[in-house]
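here you go, sequence then predicted model.
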Amino acid sequence: DSGVTQTPKHLITATGQRVTLRCSPRSGDLSVYWYQQSLDQGLQFLIQYYNGEERAKGNILERFSAQQFPDLHSELNLSSLELGDSALYFCASSVAGGRDIQYFGAGTRLSVL
Amino acid sequence: GNSVTQMEGPVTLSEEAFLTINCTYTATGYPSLFWYVQYPGEGLQLLLKATKADDKGSNKGFEATYRKETTSFHLEKGSVQVSDSAVYFCALSERSGNTGKLIFGQGTTLQVKP
């Protein structure tokens, strides 16, 4: 058990809908990262938050947004969903950033029908 | 930009065989390098890491050496077990801006048969 909790484990929804994925980092970790794993794109970095502030952005679509709350949990919001958004979304956390080890949650599998 | 390239899978081996999974990277500066493993239905787990040239990371019988001259970080294990069957990801962490974001290779599936 990595100590990173993601909910829900599975999400099935329709095109055009909006969903929210939740991540609770390990106790004491200030950084949260979101990654998308899909068959065609592989594992891609989406966004990082550090202590409530956005620190780095990857290839995150404009339809996607994230935030980190004062209790350090994070949410990834995906809107106007398309079939191609179906993927496994991972959250990871680390103490700070830089070269700190990232610990991954079990992921949320999103299926857009 | 920075990138990681891994050998194509799947790799199928018999138990107790020698394993090598090749990984090369392209990066500016001096990234940290990692191997992560993903067992079926689970998230990624850190297997080993190296933070500077000639460092050797090791864990659970797996080893990888940070080779700056060949920009490589090949994963090796002398004798694989059925329980090693998983997907292995090579990754680098950019140092610029203290972001820590990971750039992953495409993953290599390892299947070990008894």
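Perfect, thanks for sending it.

got the buried residues for stretch B:44-51?
Across stretch B:44-51, burial judged by 16 or more other Cβ atoms under 10 Å in any protein chain shown covers B:44, B:46, B:47, B:48, B:49, B:50. Every C-beta, even on glycine, is put in place using the N, C-alpha and C of the backbone.

tell me the bridge partners for the most centrally placed residue in chain A.
Nearest to the geometric centre of chain A sits residue A:34, at 3.3 Å (Cα atoms, centre = their mean). On the basis of DSSP bridges, residue A:34 is bridged to residue A:47, residue A:91.

show me the contacts for it.
By Cβ atoms under 8 Å, 6 or more residues apart in numbering or on different chains, the contact list for residue A:34 reads A:23, A:45, A:46, A:47, A:48, A:60, A:66, A:74, A:76, A:89, A:90, A:91.

most neighbours among the residues you listed, which one?
Within the contacts of residue A:34, residue A:91 tops the neighbour count with 30 neighbours, counted by other Cβ atoms under 10 Å in any protein chain shown.

wait, doesn't it sit right on residue A:23?
Yes: at 3.4 Å, residue A:91 counts as touching residue A:23 under the criterion of Cβ atoms under 8 Å.

pull up the overlap in contacts between those two.
A:4, A:6, A:32, A:34, A:74, A:76, A:105.

just those residues: which are in strands?
Assigned to strands by DSSP state E, the following of these qualify: A:6, A:32, A:34, A:74, A:76.

closest one of those to chain B?
residue A:6 (8.1 Å; Cβ to the nearest Cβ).

quick revisit: out of the buried residues of stretch B:44-51, which touch chain A?
Among the buried residues of stretch B:44-51, the residues lying close to chain A (Cβ under 8 Å from any Cβ of the partner chain) are B:44, B:46, B:49.

rebuild these as TSV, extending it with secondary structure and pLDDT.
Supplementary listing: these in TSV, determined by DSSP: H, G, I helix; E, B strand; the rest coil; pLDDT from 0 to 100:
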residue	secondary structure	pLDDT
B:44	strand	92
B:46	strand	94
B:49	strand	94
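
and which of these is nearest chain A?
For those, the nearest to chain A is residue B:44 (4.3 Å; Cβ to the nearest Cβ).

ok, that closest one touching residue B:36?
Yes: between residue B:44 and residue B:36 a contact is recorded at 4.3 Å, counting by Cβ under 8 Å.

get me the contact residues on chain B for chain A.
Taking Cβ under 8 Å from any Cβ as the contact definition, chain B meets chain A at B:32, B:36, B:41-46, B:49, B:51, B:89, B:93, B:95, B:97-107.
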